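Enquirer: A structural model of the following input is requested.
(chains A and B)
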Amino acid sequence: MTANAMTMATPIEHRGLGRLASAASDILAVTGRNLLGYRRVPQLLVFSTIQPVIFVLLFRYVFGGAIKVTGVSYVDFLMPGIFTQTVLFGAMTTAVGLATDLNSGLLERFRSLPMARSAVLAGRTMADLTRNVFVVLLMAAVGFAVGFRVHTNAPEFVGGLALVLLFGYVFSWVFATVGLWVRDPEAAQAAAFPVMAPLVFASSAFVPVSSMPGWLQVFAEHQPVSVTASAVRALMIGGSATSDTLQALAWSAGILLVFVPLAVWRYQRTA
Amino acid sequence: MNDTAIVVEGLTKRYGALVALDGISFSVPAGTILGLLGPNGAGKTTAVRVLTTIIRPDAGRASVLGYDVVRDADAVRFRIGLAGQYAAVDGNLTGRENLRLIGRLTQLPRQHIAPRADELLERFELADAADRVVRTYSGGMRRRLDLAAALVHQPPVLFLDEPTTGLDPHGRLELWDILRELVADGTTVLLTTQYLDEADRLAHRIVVVDRGRIIAEGSPAELKARVGSTVIEIELADEAEALRAEPVLAPFGAGCGRDGRTICIKINDGTRVLVDVLRALDAARLAPVALAVREPSLDDAFLTLTGRHAEPVAPPEREPVGTGGGA
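Expert: Okay, the predicted model is just below:
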């Protein structure tokens, strides 16, 4: 190492506004790193893209014929639900990613670096949001190919997609907390599934809630997946969207308010 | 360079009932290597974690280059590098990408990140593998990359937690050379190790920890004077002869136990005494059937310092993780 090298590569200690800019840069760096990871792990790519496509085809062509919805074709009913289900299942990868980083010692290294404390969690959830954008666009393309049609207008359709992405982002924070808690990638997935299954299937995502037994309807009508799926449905194929959209936004805000602090608290305690 | 780089005062850390650090104090002069020596579970890793701002101590204080590890944690982070036991690099990124990521996260000026990464890849003989994803690296390559990652921002103080665990002898020697170079350039190093010979060869001062406490400290020479620099194991024909040999050997050095017909003694002035030992045995009409001369191990040192063997008091704080990079 030459003396020249010694003087050139020394860190900049940001102050004031510079700190904010460097925090943003840290979040971007961690986000980019996580996205690269997704691209290079084929299993993850398959899990996050092929699986939702199979769900579309499965419900469109296999189960769809047996499910009665009134007023609209099943594929139009289905797609808003599948969007919601997909980002929820996808949020599990947040838990897996964080638990993996925890186990490999990478989080420990990050904690010893002069980087923004928020960058690990923000970068992870941002990467998952970015991945969801691609997944949701892919799903929309598949949906259109199998007969899905938007009955409203472009702004409302985009608003529906935005609501889906927000929902996925919110659950990334839930699963960030889970991943930091259980600390093991496989265990994180195992812990997630019992929570996911009732949320996704006892919901209006795939079938009308009115087809369920009365006691289940109470849960199914008001839980976050249902109100989000219903809001997205109203935004994409028509109907009154206001009430469901407000409920969906309220759920998202409520879950964020609980789980962002919880995930951050957990992260600070985890080494 | 007479400044003190690391100061530790009464540092205490508990995990439930387990006292990982029980009020340890030491300091490390700038530009020197301190070896923190002890068995698994002695508290070495906990000490490194506190000093690298990863965890907070329950009591006591520590500072690096004058910055408190709790109050001025950020200032500390700008000045330290850490290479842990587990080669904490991202298996899904290439070697180059790993170092550039660390360059960004250590706030290097943008234009210096790429050249610095290349320089380190070259120096750690990873240039040929620079654009391969790290999960294809061998264990030794991962360790080299891990150390390179700790050096990206040229930290004046370096923490290495059992840096040679899992390295082959060649890799160990290489790493030792790199550390000597760094220290020659003015870097301060705190390294933990379970190997007495490693601490002996590298460290200017050694602090021996056991169950969260310091049980000995000094220069390698001072410690060896206490522990004995050479261990001689003499095997006799049978246990009766061994019992007879014990008083004959006693004047030459501290006993380190008799195991059946094998007697162990520690001597301070190297193998010169060996001839005298054999003469004395011969005069007592005792003929050894086997004889081994070796350097004392951590276990020998422990037996001398504490009167018991070096056994971990608790399982390691974390299980090692394989080479799988994960997602």
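Enquirer: hey, let's count contacts and neighbours off CA atoms from now on
Expert: Will do.
Enquirer: what residues does the stretch 51-200 of chain A put near chain B?
Expert: A:96-97, A:100-101, A:103-106, A:108-109, A:111-115 (C-alpha under 8 Å from any C-alpha of the partner chain).
Enquirer: how about residue B:265, secondary structure?
Expert: strand (DSSP: H, G, I helix; E, B strand; the rest coil).
Enquirer: which residues of the stretch 151-300 of chain B score low on pLDDT?
Expert: B:229, B:269-271 (pLDDT under 70).
Enquirer: now the strands for it?
Expert: All strands of the stretch 151-300 of chain B, identified by DSSP state E, counting those that start in this stretch, fall at B:157-161, B:188-193, B:205-210, B:213-218, B:230-235, B:254-259, B:262-267, B:290-294.
Enquirer: turn the ones you listed into CSV, including mean neighbour count.
Expert: Formatted as CSV, the strands of the stretch 151-300 of chain B follow (neighbours: other C-alpha atoms under 10 Å in any protein chain shown):
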stretch, mean neighbour count
strand B:157-161, 24
strand B:188-193, 27
strand B:205-210, 25
strand B:213-218, 18
strand B:230-235, 22
strand B:254-259, 16
strand B:262-267, 23
strand B:290-294, 12
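Enquirer: quick one: pLDDT of residue 33?
Expert: Let's take chain A. Model confidence at residue A:33, given as pLDDT, is 96.
Enquirer: let me rephrase: I mean chain B.
Expert: Reading off the model, residue B:33 has pLDDT 96.
Enquirer: pretty sure it sits against residue B:190.
Expert: Yes - in this structure residue B:33 lies within contact range of residue B:190 using C-alpha atoms under 8 Å: 5.8 Å.
Enquirer: which residues touch the residue positioned nearest the centre of chain B?
Expert: The centroid of chain B falls nearest to residue B:193 when counting by C-alpha atoms, centre = their mean (1.9 Å). With contact taken as C-alpha atoms under 8 Å, 6 or more residues apart in numbering or on different chains, residue B:193 is in contact with B:35, B:36, B:37, B:38, B:161, B:162, B:163, B:199.
Enquirer: about what we covered before: could you identify the most distant pair in the residues of the stretch 51-200 of chain A next to chain B?
Expert: A:96 and A:114 (25.1 Å; C-alpha to C-alpha).
Enquirer: report the separation between residue A:105 and residue A:191.
Expert: 22 Å (C-alpha to C-alpha, to the nearest Å).
Enquirer: what about the two, which has more around it?
Expert: residue A:105 (21 against 17; other C-alpha atoms under 10 Å in any protein chain shown).
Enquirer: not counting sequence-adjacent ones, nearest residue to that one?
Expert: Closest residue to residue A:105 apart from its sequence neighbours, by C-alpha to C-alpha, 6 or more residues apart in numbering or on different chains: residue B:88 at 4.8 Å.
Enquirer: how close does the one you found get to residue A:174?
Expert: 26 Å.
Enquirer: who has more neighbours out of the two?
Expert: residue B:88 (28 against 23).
Enquirer: what secondary structure does the more buried one sit in?
Expert: Under three-state DSSP, residue B:88 comes out as coil.
Enquirer: list the contacts for it?
Expert: A:104, A:105, A:106, A:108, A:109, B:146.
Enquirer: inside helices: which ones of those residues?
Expert: Those of the contacts of residue B:88 mapping onto helices are A:104, A:106, A:108, A:109, B:146, per DSSP state H.
Enquirer: and those as TSV, adding neighbour count?
Expert: Converted to TSV, these look like this (neighbours: other C-alpha under 10 Å):
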residue	neighbour count
A:104	25
A:106	19
A:108	22
A:109	25
B:146	25
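Enquirer: pretty sure residue A:28 sits in a helix.
Expert: Yes - judged by three-state DSSP, residue A:28 forms part of a helix.
Enquirer: leaving out chain neighbours, which residue sits closest to residue B:35?
Expert: Excluding its sequence neighbours, the residue lying closest to residue B:35 (C-alpha to C-alpha, 6+ apart) is residue B:206, at 4.6 Å.
Enquirer: I'd say that neighbour and residue B:219 touch.
Expert: Yes - with contacts counted by C-alpha under 8 Å, residue B:206 reaches residue B:219, the gap being 5.9 Å.
Enquirer: next up, phi/psi of the closest residue to residue B:94 other than its chain neighbours, please.
Expert: Excluding the flanking residues, the one nearest residue B:94 by C-alpha to C-alpha, 6+ apart is residue B:133, at 3.9 Å. Here is the backbone geometry of residue B:133 (degrees, to the nearest 10): phi -70, psi 140.
Enquirer: what count of nearby residues applies to residue B:133?
Expert: 19.
Enquirer: could I get the contacting residues of it?
Expert: Contacts of residue B:133 (C-alpha under 8 Å, 6+ apart): B:91, B:92, B:93, B:94, B:95.
Enquirer: out of these, which is most surrounded?
Expert: residue B:95 (32 neighbours).
Enquirer: show me what contacts the residue nearest to it when sequence neighbours are not counted?
Expert: Closest residue in space to residue B:95, ignoring its immediate chain neighbours: residue B:130 at 4.8 Å, by C-alpha to C-alpha, 6+ apart. For residue B:130, the contacting residues are B:94, B:95, B:96, B:121, by C-alpha under 8 Å, 6+ apart.
Enquirer: all helices for the stretch 201-327 of chain B, in order.
Expert: B:220-227, B:239-249, B:273-283, B:298-306 (DSSP state H, counting those that start in this stretch).
Enquirer: before we move on, what about the stretch 51-200 of chain A?
Expert: So, for the stretch 51-200 of chain A - with DSSP H, counting those that start in this stretch - the helices run A:51-57, A:74-90, A:92-104, A:106-111, A:119-145, A:154-182, A:185-201.
Enquirer: any chance of these in a markdown table, plus mean pLDDT?
Expert: As requested, the helices of the stretch 51-200 of chain A are exported to a markdown table (pLDDT from 0 to 100):
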| stretch | mean pLDDT |
| --- | --- |
| helix A:51-57 | 90 |
| helix A:74-90 | 93 |
| helix A:92-104 | 90 |
| helix A:106-111 | 92 |
| helix A:119-145 | 94 |
| helix A:154-182 | 95 |
| helix A:185-201 | 86 |
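Enquirer: adding distance to residue B:265 as columns, could you present these in TSV?
Expert: Formatted as TSV, those follow (distance: least, C-alpha to C-alpha, whole Å):
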stretch	distance to residue B:265
helix A:51-57	68
helix A:74-90	64
helix A:92-104	43
helix A:106-111	43
helix A:119-145	54
helix A:154-182	50
helix A:185-201	50
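Enquirer: just give me the closest of the contacts of residue B:130 to chain A.
Expert: The closest of the contacts of residue B:130 to chain A turns out to be residue B:94 (C-alpha to the nearest C-alpha; 10.1 Å).
Enquirer: poorly predicted segments of the stretch 1-150 of chain B, please.
Expert: Scanning the stretch 1-150 of chain B residue by residue, the ranges that satisfy pLDDT under 70 are B:1-2.
Enquirer: can you tell me which residues in it are near chain A?
Expert: Going by C-alpha under 8 Å from any C-alpha, the residues of the stretch 1-150 of chain B near chain A are B:52-55, B:74-75, B:77-78, B:80-84, B:86-90, B:92-93, B:101, B:104-109, B:112-113, B:116.
Enquirer: swap the cut-off to 6 Å and go again
Expert: Selection of the stretch 1-150 of chain B residues close to chain A by C-alpha under 6 Å from any C-alpha of the partner chain yields B:52, B:54, B:74, B:77, B:78, B:88, B:92, B:105, B:106, B:107, B:108, B:112.
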